[in-house]
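Visitor: the following comprises the amino acid sequence and a computationally predicted model.
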Amino acid sequence: MHVRNRPLAATLAACFALSLGVGAFAPAAADEPGITPTEILLGGLHPYSGPASAYGAIGKGILAYFAYVNDKGGVNGRKITYKDLDDAYSPPQAVQLTKQLVEQDKVFAMFDTLGTPSNLAIRQYLNDNGVPQLYVATGASTWGSDGAKYPWTIGWQPDYQSEAIVYARYLLKEAPNAKIGVLMQNDDYGEDYLTGLKTGLGSKSGNIVKVATYEVTDASVASQVASLKAAGADTFFVFATPKFSIQALVAAAQQSWHPRTFFNSVSASATILGAATKAGGEDATKGLITTQYLKDPSEPSWADDAGMKQYREILAKYAPGADPNNGFFAYGVSIAFTMVDTLKRAGKNPTRKAVMDIANHLHETDNFLVLPGIVVETTPKDRFPIDQQRLARYDGTHFVPFGEIYAGRGRGR
Amino acid sequence: MSGMRVNKYWSVAVLALLVLVLPRFVPSYAAFELTFVGAYAIGILGLVILTGTNGQISLGHGAFFGIGGYAVAILAQKLGVPFWASVPLAAIVSGILGLGLGLVALRLEGVYLALATFALAVATPSTLKHFKSLTGGSQGLAVPSLSPPGPLHGVITSEQWLYYVTWVIAGALFLLTSIALGGRLGRALRAIRDNEVAAISFGVNPQRYKTFAFGWSAAYAGIAGAIVAIATGFVSPDTYTVALSLALVTGAVLGGIDTLWGALLGGVIVEFLPLLVQKINPAAPSVVYGIALVLFMIFLPGGIARSIQAVIHPLRLRREIHHARS
C-alpha cells in the first residue's frame, strides 16, 4: 500500500509546485470595462425570490426604462444592457454574483443593488476594485455619510433619518409641547428613524413619552399601540412596514385613540391607506401626515400629470403585465432616469472615474417622477442625491401636499 | 476488494489534483464559487453523519451555520482573533450547542425531531437580531478578509488562498470522517439508525452516540458557516433563514445522504443549482428545488452518488440497498 501511494504523493507535490509557478494573472486591459462602441454594460442585484421578492418590481421598472431609452437611440449612441440578477436578499449570494458580474461579465458599474445587507457586503470589494456602486436602493444613511471611506459608493433615495428630521421640524413648529409616542420596527430601519426623530427634536427629545417596538414576526401591534395611548401620548409616530402600519392605524381607531399621526413614507401609498380606511373607518387615517419625494402612481390626482402619463406609457409598452399603481415600478423608472442622466453627462467616452465624478455633482431638475420642486442634487460634501421631501396630509382619499419643501440634512434650507 | 480500494485511492487522488490545479485554469471568481462548494460540502458532510449514518433528521443546520459565521465575525471584530484560531473556535462553539440540541433530540424522534430543529431554524434570524450589542443587529457585522501569508503575497490572490485553505480543511474533514465512519464509531451510529434495540443489546449506548452525532455534525456546520462568512466578508441575520437549512438538506438528499461523495456532490448542488436555474427563470429556484427533490425521492432515492455507484458497481450497490432495506 505504501509503495502504491508514493508516486501519488509525488504527483500531487509536483502539481502544487507547478500551480504556484504559473504566476499571477495578466493585468486588465487598458480599455474601460463594460464599454464597447455600441453598448454600456451595467450590473445589478434584486431579490426576485425569497422573502423580499416584492422589491423585484424595482428591477423590472429599471429594465423597462432602459428598454425605452434604448429604443430612442440609447445614451450617446450606446445601448444600455442591464444584467440584473437575483440575490434572494442574501449577502453571500450578492458577493458571488457581484464578483461574477465584475470579473466575468466585466460590467462598467453596479447600479441599484437592493437592500442594506447586500450592499454592505459588496461595498468593500467594489471600492477595492474601483467599480462604481451607484444609487443603491436602501435608506440607510451610511451611503451618503461614509463617502470619504467608500468613494465609489453612493445612495439615491432620502435616508430614513432625514425623513424623521423633517417630521420633527414640522412638529416643533406646530406643537412644541406634544407628547410623543413612537411605534417602531425593532431593527436598523426603525432605529434609523428614531435616531432622526431625536436629532430633529434636539433639546425637545424629552417630548417622547414612550417608544414601543415590534418584531417582524409579531402577529399584531395592538398591545404596543395601547401602551402608547396609556402613556398619555397625543402624537403618534408610525415607523413600520406596510402590514404593521395598517394594523397600527386600525388598532388606534378601535381603541378610540385619535392622536396627531406621522406615518413613515415607506408605507404611505394610497393603496395601503385605502386598506386601513376600509378596516378601521375614516377616523383611522384622516389627517395623518407623511413625506413624499416621488409622485405616487396610485394617487388619482396625478392622473393628468405629463410625467405620470409618460411613466404609464413606458410600463405599458416595455413591462406589459406590470401594475403601474405599484410604487416600486415608479421607483425603478425614476432611479433609472438618474442613471441615464449620469451616463449622458459622462460624455462620448465614459470612464468609471468620470461617472463617479458626475454622481458627486448631480443637479437634476427634470426627473419626471420626482415631485415638482425637488432637485436630485449632490456635491462632493453632500452625497445624498434626494434630500428634499414634502409633507403631505391624507384627507381620507388623497394625499394633499402642503407646506414648503424640507431638506432633512440642511441643504436648501 | 483490494482492487476496489486502489480505485478509491486513485479517484480521491484525481480529485485532489483537480482541486489543486483548478484555480490556474478558471477565473478568480470561479475559484471563489468553488470555495463555497467546499464550505457547503463540509456542512452537508455533517448531515451525512447525523441523518445519513445515524438516522436523526435536522432541518435546522442553518442555525449552526449561522453560529459558526457569527463566532468568526465576533471573534475577529471584537477580540481580534486570527483566522486559524477563530475557525476551530467556531467549530467548538457550534459543536457544544449541537451537543445541547442533541440532548433535547434524545426525547424526540422522526417528525417531532424534524419539527423541533425546524423551529430552531425559524428562530435563528430574530435571535441574532435580538442580541444587538454582540451581533450588530440586523445591520450585521463585517468579517475581515483572509490575505495569503507573506511568501505567497502577490503569487496568489486572497480568493485563491481562501480556496486552498477551504479545500485543505474539507480534505482533512472528509478523511477524518471516512476513517471514523469506517470504524467502530460508524458501525455504532449505523446500528442505532437501523435498529436501536438491537444496538443496545450489542452494548452500544444510543444516548451517548446520538448526542455525540449531533455535536459532531453541528461542529461541521459551524466550520462551513465560518468559511462562508469569511468569503462573504459579512454576516447578517437574514442570511441564516429556514431557506438555508432546507437548501443543505436538499443538497444532502440530492447528492446522496449516506455517502461522503454525496456530501461533495451536495456542495456542488447547493452552490450551482440556484445560479443555474436563475439563468432559466429568475423566479423559479425554489420551484425547481422542490421538483428535483420529489423526482429524486421517486426515481433515485439514494441520490446522485448512489446512482453513479450503481453504474460502476451494480452488484455491490444492489447488495447494499438490499441490506439497507432489510
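Guide: Great, that's in hand. Residues are numbered from 1 along each chain as shown, chains lettered A, B, ... in the order given.
Visitor: could you find the closest non-adjacent residue to the most centrally placed residue in chain B?
Guide: Central residue of chain B (C-alpha atoms, centre = their mean): B:G43, 1.4 Å from the mean position. Excluding its sequence neighbours, the residue lying closest to B:G43 (C-beta to C-beta, 6 or more residues apart in numbering or on different chains) is B:A224, at 3.4 Å. Every residue, glycine included, has its C-beta placed from N, CA and C.
Visitor: pLDDT score assigned to the one you found?
Guide: On the pLDDT scale, B:A224 is placed at 97.
Visitor: give me the number of residues near it?
Guide: By the criterion of other C-beta atoms under 10 Å in any protein chain shown, B:A224 has 34 neighbours.
Visitor: where does the stretch 201-326 of chain B dip in pLDDT?
Guide: By pLDDT under 70, the weakly predicted segments of the stretch 201-326 of chain B are B:280-286, B:289, B:314-326.
Visitor: neighbours around residue 49, how many?
Guide: You didn't say which chain, so I picked chain A. A:S49: 23 surrounding residues under other C-beta under 10 Å.
Visitor: wait, chain B was what I had in mind.
Guide: 27.
Visitor: same question, the one 3 residues further on
Guide: Residues lying near B:G52 (other C-beta under 10 Å) number 26.
Visitor: C-terminal to the strand or helix carrying the residue nearest to the centre of chain B, what's the next element?
Guide: B:G43 belongs to helix B:28-47 when assigned by DSSP states H and E. Remark: after helix B:28-47, the chain's next helix or strand is helix B:61-79, criterion DSSP H and E.
Visitor: ok, B:A105 touching B:F212?
Guide: No - assessed by C-beta atoms under 8 Å, B:A105 is found out of contact with B:F212, at 11.5 Å.
Visitor: need the contact list for the residue nearest to the centre of chain B.
Guide: For B:G43, the contacting residues are B:61, B:65, B:220-221, B:223-225, B:248, B:267, by C-beta atoms under 8 Å, 6 or more residues apart in numbering or on different chains.
Visitor: in contact with the closest residue to chain A within the stretch 51-200 of chain B: list those residues for me.
Guide: With C-beta to the nearest C-beta, the shortest gap between the stretch 51-200 of chain B and chain A falls at B:S138, namely 3.9 Å. Neighbour list for B:S138: A:116-117, A:187-189, B:129, B:236-238 [criterion: C-beta under 8 Å, 6+ apart].
Visitor: how about A:D341?
Guide: By C-beta under 8 Å, 6+ apart, A:D341 lies in contact with A:362, A:364, A:367.
Visitor: reformat those as TSV; add neighbour count, secondary structure and pLDDT.
Guide: Shown next, in TSV, are those (neighbours: other C-beta atoms under 10 Å in any protein chain shown; DSSP: H, G, I helix; E, B strand; the rest coil; pLDDT from 0 to 100):
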residue	neighbour count	secondary structure	pLDDT
A:L362	21	coil	94
A:E364	18	strand	93
A:N367	20	coil	94
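Visitor: in the stretch 251-400 of chain A, which spans are strands?
Guide: Ranges of strands in the stretch 251-400 of chain A, per DSSP state E, counting those that start in this stretch, are A:260-263, A:289-292, A:363-364, A:376-377, A:388-394, A:399-407.
Visitor: which of those sits closest to chain B?
Guide: Taking the strands of the stretch 251-400 of chain A one by one with C-beta to the nearest C-beta, strand A:260-263 is closest: 21.9 Å.
Visitor: so which bits of that closest one are buried?
Guide: With burial defined by 16 or more other C-beta atoms under 10 Å in any protein chain shown, the residues of strand A:260-263 counted as buried are A:260-263.
Visitor: closest to A:A54 among the residues you listed?
Guide: Nearest to A:A54, judged by C-beta to C-beta, of those is A:F263 at 19.3 Å.
Visitor: my guess is that closest one contacts A:L288. True?
Guide: Yes - using C-beta under 8 Å, A:F263 is in contact with A:L288, at 4.8 Å.
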